[in-house]
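Participant: Sequence and predicted model, in that order:
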Amino acid sequence: MGESIKGLKRTAYCAEFNMNNVGEEITVFGWVQRQRDLGNLIFIDLRDRSGIIQLSFNESTDRELFEKAKSARGEWVVAAKGTVAERESKNKEIPTGDIEVMVNDFRIVSKAKTPPFEIEKSEQVGDDVTLKYRYLQLRSEKLTKNILMRHRIAKIAREYFYDNDFIEIETPMMIKSTPEGARDYVVPSRIHNGKFYALPQSPQIYKQLTMIAGFDRYIQLARCFRDEDLRADRQPEFTQIDLEMSFVECDDIMDMTEGFIKKLMSDTLGVDLLGKLPRMTFADAMNKYGSDKPDTRFDMLIEDVSEWADKTDFIVFKNAIADGGAVKAIVAKNAASVYTRKKIDKLTEHAKGIGAKGLAYIRWADAEPNCSFNKFLKEGELESLLTALGAQQGDVVFLVSDKTRKALTIMGALRLIVAKELGIIPEGKWNYLWITEMPFFELDEENGEYVAAHHPFTMPMDESVQYLDTDKSKVKAQAFDLVLNGVELCSGSMRITDCALQTKMFELLGMTQEEIDAKFGFLVDAYQYAAPPHGGLALGLDRIAMLICGADSLRDVVAFPKVQNASELMSGAPSYIDDVQLDELGIELKAENNE
């Protein structure tokens, strides 16, 4: 059993002391990061969530305390009281490197087994181990700092929106299952056998109802759940900085969000964003960057060379254009030395992996450019293309032909790959960008049908309403996204408040009146009692934290994350439940097919 801390009160966290505290008697608590036994001197690096301070024991230290310090091992919990002194051998690597604590009271509060990995080297250990012992990995300096930064971001968000008259309202965690794009996580009801709650994919409907209720400005740090495939910037449960505003237009919502982003960047990173954040239409983003979340930190814009390509004898290009498609190109400046033939072959395989039929190229390494389709070109055609693209010796041109949208998407992905391989994406830049004039419908290439690009409560632009029944390709939404360095941070829109228009939108999505009543009847009914014009958005708190912390994955900013198959290695979730619980829920499991 460990020693009591009775009579001891923490003075401050370890890393909060400095030379101004020399001569003061302090009390600190924490974990032993490292113990160094030099015979007549013992040093202990004591760690808490703030950082490290050195504890010092020498010949003048009480012998009983000295022996306890001598026995201390890594990750033991200890308490120490002593006087702050200036260090003889200073450490400029840590904030407290100029000082140490001359200990006069030392207590071993709790002993630890030898950890399965060294805390500060946890990044060198596989996820199967570190996530199983996540509570140990969270003691590392990197993850501790990330979790504290996430907390700071949440605090700034609340303070900013509170200061702008937003009201924090909690919406239900167990709701009715309604279609929102991804699969729901469902919760069986014991009282209502055979019926299920759903965990919210977002608080969308409820926050709109708060507007109808008259609360005007709503904010919530909302937990959301989506049963979908995972990746580096996605978790099955995540947190949104969720907001809604009444009596506003798109610009009002975007301006309010910009104010938060500017405060956030200034308070966390000391970065001042001047002026209004830039805006780009969805069409321009796709045409120039091949993405609706473009990374604008570097150039290498996509060029349309369809008109040129159609005049050549290259049948691959001509067939794509004849089929209503296009030929798109990017110029990788000074890339010829990097993109050897072998490297281009590898990039071609990558392009095929993301849907390309092939990858044409022009590699201008020597005096004469090497073109993969040169035998199909007439005299002067290659030169005219290079001139039009501004390509020079040392550059590489990559070309893709396909359906226009597909060609753009492929080229957008290749643009990022090439930029990373060339190392031309600058560090330390914060390129925020609003994407506006979003299409209301997307064409499903498989069946040729238009499907909704947003949730069914999104308001179409006034001038687009006339095309709802005649030409869905011309319908644009009063919707907008905020992007940072190629990562989507939020989506928002104005909402439909007209009952007839809302019913029409449901019908355009293929829902019958019976389905509308069953799934959204309560919302449609609410609109009959007068709804103010309103709109809002949801910022991804996890993604913001990931980018501000410079992390590679959401796992690095989530305390207890899930892995690729949506399981949690530490607790073993999800797990089986016993037959008693299943009986209470009226659920019978199918026998596993072991054939």
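Facilitator: Happy to help now that I have it. Numbering: from 1, shown residues only.

Participant: for the protein, what are the low-confidence residue spans?
Facilitator: In the predicted model, the chain carries pLDDT under 70 at residues 179-181, 230-233, 445-446, 592-595.

Participant: Give me the packing partners of the longest helix along it, helices and strands only.
Facilitator: Taking DSSP state H as the criterion, the chain has its longest helix at helix 141-163. For helix 141-163, the packing partners by 3 or more C-beta pairs under 8 Å, 6 or more residues apart in numbering; DSSP states H and E come out as strand 167-168, strand 217-225, strand 237-246, helix 250-269, helix 541-549. Bear in mind the C-beta positions are built from the backbone N, C-alpha and C, glycine included.

Participant: For Val78, which of these is the nearest?
Facilitator: The closest of the helices and strands packed on helix 141-163 to Val78 is helix 541-549. By C-beta to C-beta, the value is 29.1 Å.

Participant: Contacts made by the closest one with the rest, please.
Facilitator: Contact with helix 541-549 is made by 145-146, 149-150, 153-154, 157, 221, 233, 235, 238-241, 264, 268-269, 484-485, 487-489, 551, 553-554, 556-558, as judged by C-beta atoms under 8 Å, 6 or more residues apart in numbering.

Participant: what's the following helix or strand after that helix?
Facilitator: Downstream of helix 541-549, the next assigned helix or strand under DSSP states H and E is helix 579-585.

Participant: buried residues in that following helix?
Facilitator: Leu585 (16 or more other C-beta atoms under 10 Å).

Participant: before we move on, back to that, nearest to Gly535, out of the helices and strands packed on helix 141-163?
Facilitator: Judged by C-beta to C-beta, the one of the helices and strands packed on helix 141-163 that comes nearest to Gly535 is helix 250-269, at 5.4 Å.

Participant: now for that closest one, which elements pack on it?
Facilitator: With contacts taken as 3+ C-beta pairs under 8 Å, 6+ apart, helix 250-269 sits against helix 141-163, strand 237-246, strand 432-436, strand 479-484, strand 487-494, strand 534-540, helix 541-549.

Participant: Mind putting these into JSON lines with distance to Leu38?
Facilitator: Formatted as JSON lines, these follow (distance: least, C-beta to C-beta, whole Å):
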{"stretch": "helix 141-163", "distance to Leu38": "24"}
{"stretch": "strand 237-246", "distance to Leu38": "47"}
{"stretch": "strand 432-436", "distance to Leu38": "52"}
{"stretch": "strand 479-484", "distance to Leu38": "49"}
{"stretch": "strand 487-494", "distance to Leu38": "49"}
{"stretch": "strand 534-540", "distance to Leu38": "49"}
{"stretch": "helix 541-549", "distance to Leu38": "37"}
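
Participant: now the ones you listed in JSON lines, with mean neighbour count and distance to Leu582?
Facilitator: Below are those laid out as JSON lines (neighbours: other C-beta atoms under 10 Å; distance: least, C-beta to C-beta, whole Å):
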{"stretch": "helix 141-163", "mean neighbour count": "17", "distance to Leu582": "37"}
{"stretch": "strand 237-246", "mean neighbour count": "23", "distance to Leu582": "24"}
{"stretch": "strand 432-436", "mean neighbour count": "21", "distance to Leu582": "47"}
{"stretch": "strand 479-484", "mean neighbour count": "23", "distance to Leu582": "43"}
{"stretch": "strand 487-494", "mean neighbour count": "21", "distance to Leu582": "38"}
{"stretch": "strand 534-540", "mean neighbour count": "24", "distance to Leu582": "35"}
{"stretch": "helix 541-549", "mean neighbour count": "22", "distance to Leu582": "33"}
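
Participant: so which of the ones you listed gets nearest Val77?
Facilitator: helix 141-163 (15.6 Å).

Participant: relative to helix 250-269, how tilted is the closest one?
Facilitator: 140 degrees (axes from the mean of the first three to the mean of the last three C-alpha atoms, to 10 degrees).

Participant: ok, and what's touching helix 141-163?
Facilitator: By C-beta under 8 Å, 6+ apart, helix 141-163 touches 49, 51, 120, 123, 137-138, 168, 217, 219, 221, 241, 243, 259-260, 263-264, 267-268, 539, 541-542, 544-545, 548-549, 551, 556-557, 559.

Participant: again, only using 7 Å
Facilitator: The contact list for helix 141-163, computed with C-beta atoms under 7 Å, 6 or more residues apart in numbering, reads 49, 120, 137-138, 219, 221, 241, 243, 260, 263-264, 267-268, 541, 544-545, 548-549, 551, 556-557, 559.

Participant: What angle do strand 237-246 and that helix make with each other?
Facilitator: Using the same axes, to 10 degrees: helix 141-163 against strand 237-246 is 20 degrees.

Participant: Helix 541-549 and helix 141-163, what's the angle between them?
Facilitator: On the basis of the same axes, to 10 degrees, helix 141-163 is oriented at 120 degrees to helix 541-549.

Participant: now helix 141-163: how far from the chain's centre is it?
Facilitator: In terms of C-alpha atoms, centre = their mean, to the nearest Å, the centre of helix 141-163 is set 15 Å apart from its chain centre.

Participant: Sweet, I'm off.
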